[in-house]
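# next input, structure requested:
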Amino acid sequence: MLVVEREDVPGGRAGRLHQDGFTFDTGPTVLTMIDLVDEVLRAVGSSVEAALPLQRLDPAYRARYADGSAIHVRHGHTAMTEEIARTCGAGDAAAFEDFTRWLRRLYEVEMPHFIGRNYDSPTDLLARPGAALELVRLGGFGRLGPAIRRRFADDRLHRLFSFQAMYAGLAPDQALAIYAVITYMDSIEGVWFPDGGMRALPQAMADANAQAGVEFVYGRSVSRILTRHDGAVMGVELDDGERIGADAVVTTLDLPVAYARHAEDLRPPRAARTGDYSPSALVWHLGVRGVPEHAAHHNIHFGRAWKGAFDDLLVGGRRMSDPSRLVCVPSKDDASAAPEGHSTLYVLEPVPNLHVGEIDWEVETPRMQEELLSFLAGEGYPTDVVTDAVVTPVDWQQQGMAAGTPFALAHTFAQTGPFRPANHDPRRPGLFFAGSSTVPGVGVPMVLISGRLAARRVSDYLA
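All right, here's what the predicted structure looks like:
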């Protein structure tokens, strides 16, 4: 087996940036469901325990609200119940018990029957009628926002337990309740952080696979997928002209981009041509002097607006009038990220993708940086900037992400499960897809499952 990686290090979207004595993780910031990581490592004779030292983050998040209040997402049912009782009252604390049971049951039904399987057609949903009926009974095909509001009285909890819909590219009132499994993954199962930062995750996976005999080629790109006269895959051609034979190829390019670059003779699936994309994000990496005193590793700052903010992003194609933002402080738990007495900050503001927005990012970026610096200072973060790097939707697009969003195709009903672009195309035997824009979807856990599903396709094809 051979892996060709265009960067000089493993990771793809989970990249890294070394700059002026600071090290930034440029991709995902949240790691959940480490049993899925362990499963991947055990497949090549390793394990999380052996290859990837981890620490559990407690709190997983600090939620900060416009009224100045804060709620911490604590690990463990007892600790979180006590936090809700302290901040929101006994009624909502009692409701958390039922909420936890509901989330766990949703996960138990969805993961084996719907998320962790390949589909050949929508009729495959009928193969597990009992599981589908159980999802109906659980309200999984209702809307996430109302499902949360029915359970809790405090508006702050509505936001805390439904903002994860943004990962699916939807407003909470649009997202199906089945996406509460994302809430289950981080708010119930917990959030972890690897020693050495998030970049340690792809490095550990690459090292374990290399020890198992997988060959890695770094710093080179695939320029063309080679095919036989019957259309089947026969290998790849690299950017320097070298040709490598292969009976099967798995591409992890964003699926719409993969069709445009490597299967241009095939008409892409509908979603890859005219589909709905998730909002994008402006991400600002900052190396600063000083250490924030009250910040957690992950800090969500909710604006006063909620529904209107999603309308701005998804319909109006404009920046949120009252934005909610994520601020991560990786150096809090990774001493190698910043020099002593300094910090790394990862500041994310959701913004429209390039398909719905017409923002001039050359003009808007410096304006946003001024606003974000003022916001950081007001929230008590250090703002004596030593070095920085900003990533806009234009940058995401240049990196190969369709519509300029790192969050890929949105998880609308028409782009979920068997309706999402498939991880194979019968018109191109031997070509398979993995990543966020194919099944099952976005996020580290889903992408790990995506790789496993693609591997099953390859095994069946080569059998």
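# could you show me where the strands are in the stretch 351-463 of the chain, in order?
Along the stretch 351-463 of the chain, the segments classed as strands by DSSP state E, counting those that start in this stretch run 384-391, 431-433.
# so how far is Glu49 from Pro339?
31 Å (Cβ to Cβ, to the nearest Å). From N, CA and C alone the C-beta is placed, and that goes for glycine too.
# ok, those two, which is more surrounded?
A direct count of neighbours by other Cβ atoms under 10 Å for Pro339 and Glu49 places Pro339 higher, at 15 against 10.
# name the element that one belongs to?
Taking DSSP states H and E as the definition, Pro339 sits outside all helices and strands.
# what about it, distance to Thr251?
Counting by Cβ to Cβ - Pro339 and Thr251 are separated by 39 Å.
# what of Arg42?
With Cβ to Cβ as the criterion, Arg42 and Thr251 are 25 Å apart.
# out of those two, which sits in the busier spot?
Thr251 (23 against 14).
# excluding chain neighbours, give the residue nearest to that one in space.
Of all residues not flanking Thr251 in the chain, Ala258 sits nearest, at 4.8 Å (Cβ to Cβ, 6 or more residues apart in numbering).
# centre of the chain versus the host helix or strand of that neighbour, how much separation?
Using DSSP H and E, Ala258 falls within helix 255-262. Using Cα atoms, centre = their mean, to the nearest Å, the mean C-alpha position of helix 255-262 is found 20 Å from that of the whole chain.
# now swap in stretch 44-60 and tell me
18 Å.
# buried residues, it. List them.
Val44, Ser46, Val48, Ala51, Leu52, Leu54, Leu57, Pro59, Ala60 (16 or more other Cβ atoms under 10 Å).
# what about that stretch, start to end distance?
End-to-end span of stretch 44-60 (Cα to Cα, to the nearest Å): 30 Å.
# go on, stretch 298-310?
21 Å.
# residues in contact with it?
Residues from elsewhere that reach stretch 298-310 (Cβ atoms under 8 Å, 6 or more residues apart in numbering): 29-30, 57, 60-66, 156, 159-160, 163, 171-174, 191, 320-329, 375, 379.
# do the same with stretch 235-247
2, 4, 217, 220-226, 233-234, 249, 430, 462.
# that one spans what distance, first to last residue?
Using Cα to Cα, the two ends of stretch 235-247 sit 7 Å apart.
# same deal with stretch 48-64?
32 Å.
# let's test this: mean pLDDT of the longest helix along the chain, rounded?
Determined from DSSP state H, the single longest helix within the chain is helix 90-110. Across helix 90-110, pLDDT averages out at 96.
# in that helix, what counts as buried?
92-93, 95-96, 99-100, 102-103, 105-107, 109-110.
# which secondary structure elements does it contact?
helix 77-88, helix 129-138, helix 144-151, helix 180-183 (3 or more Cβ pairs under 8 Å, 6 or more residues apart in numbering; DSSP states H and E).
# lowest confidence element among the helices and strands of the chain?
Within the chain, no helix or strand scores below helix 307-311, which has a mean of 90 by mean pLDDT, DSSP states H and E.
# what element comes up after that helix heading to the C-terminus?
Immediately after helix 307-311, counting by DSSP H and E, sits strand 325-328.
# ok so, going back, just the ones of the contacts of stretch 235-247 in helices?
Leu462.
# and of the contacts of stretch 235-247, the nearest to Trp284?
Comparing the contacts of stretch 235-247 against Trp284 with Cβ to Cβ places Ser221 closest, at 27.7 Å.
# that concludes my questions; thank you for your assistance.
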